[in-house]
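[1] my questions are about this predicted structure, shown below with the sequence.
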Amino acid sequence: MANRIKANRHCEYITVDTMAECIDGVGSELYSALWSSLDHAEAPTYNDDYEDRESKLDRISVKALWKHFGNEQRREINALLAAHSRNS
């Protein structure tokens, strides 16, 4: 895929959950894409406890799932996180 957009440094430190639920300006399409990206996350293999899986998924960074976002979503994520860091 040409013109791959790299994750800004904030993507490494923000979880998908936090990005979807706490960052101002996340629209409905990006919100859905963020939650859908967790379908690609590796589930813990040591047990099948639902709560344990959910707890692990809550700690996955946006950067860990970066390859599952399209370029437009990547641009939007980077822009929202840049604005968030300027306003924090």
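    Now that the structure is in, tell me what you want to look at. Only a predicted model underlies this, so the values are computations on that prediction, with no experimental measurement involved. Numbers count the residues shown, from 1 in each chain.

[2] mind listing what's buried along stretch 72-88?
    Within stretch 72-88, the residues scored as buried using 16 or more other C-beta atoms under 10 Å are Q73, R74, E76, I77, N78, L80, L81, H84. Yep, even glycine has a C-beta here, placed from its N, CA and C like the rest.

[3] least trustworthy helix or strand in this protein by mean pLDDT?
    helix 50-57 (a mean of 63; mean pLDDT, DSSP states H and E).

[4] ok, then the element right after that helix?
    Proceeding N to C from helix 50-57, the next assigned helix or strand is helix 71-87, under DSSP states H and E.

[5] centre of the chain to that following helix, how far?
    In terms of C-alpha atoms, centre = their mean, to the nearest Å, the centre of helix 71-87 is found 11 Å from the chain centre.

[6] against which helices or strands is it packed?
    Counting contacts by 3 or more C-beta pairs under 8 Å, 6 or more residues apart in numbering; DSSP states H and E, helix 71-87 packs against helix 16-22, helix 28-37.

[7] A7: which of those helices is closest?
    Among the helices and strands packed on helix 71-87, the nearest to A7 by C-beta to C-beta is helix 16-22 (11.4 Å).

[8] mean confidence for that closest one?
    Here helix 16-22 scores 95 as its mean pLDDT.

[9] from the chain's centre, how far out does it sit?
    Centroid separation for helix 16-22 versus its chain: 7 Å, with C-alpha atoms, centre = their mean.

[10] again, but for stretch 31-46
    9 Å.

[11] which positions in that stretch come out as buried?
    Result for stretch 31-46 [16+ other C-beta under 10 Å]: buried residues A33, L34, S37, L38.

[12] dump the residue contacts of the residue lying closest to the second one once chain neighbours are set aside.
    Spelled out, it's L34. Beyond its immediate neighbours in the sequence, the residue positioned closest to L34 (C-beta to C-beta, 6 or more residues apart in numbering) is A20, lying 4.2 Å away. Contact analysis of A20 by C-beta atoms under 8 Å, 6 or more residues apart in numbering lists V26, Y31, L34, W35.

[13] give me the distance between A20 and A64.
    Between A20 and A64 the computed distance is 14 Å (C-beta to C-beta, to the nearest Å).
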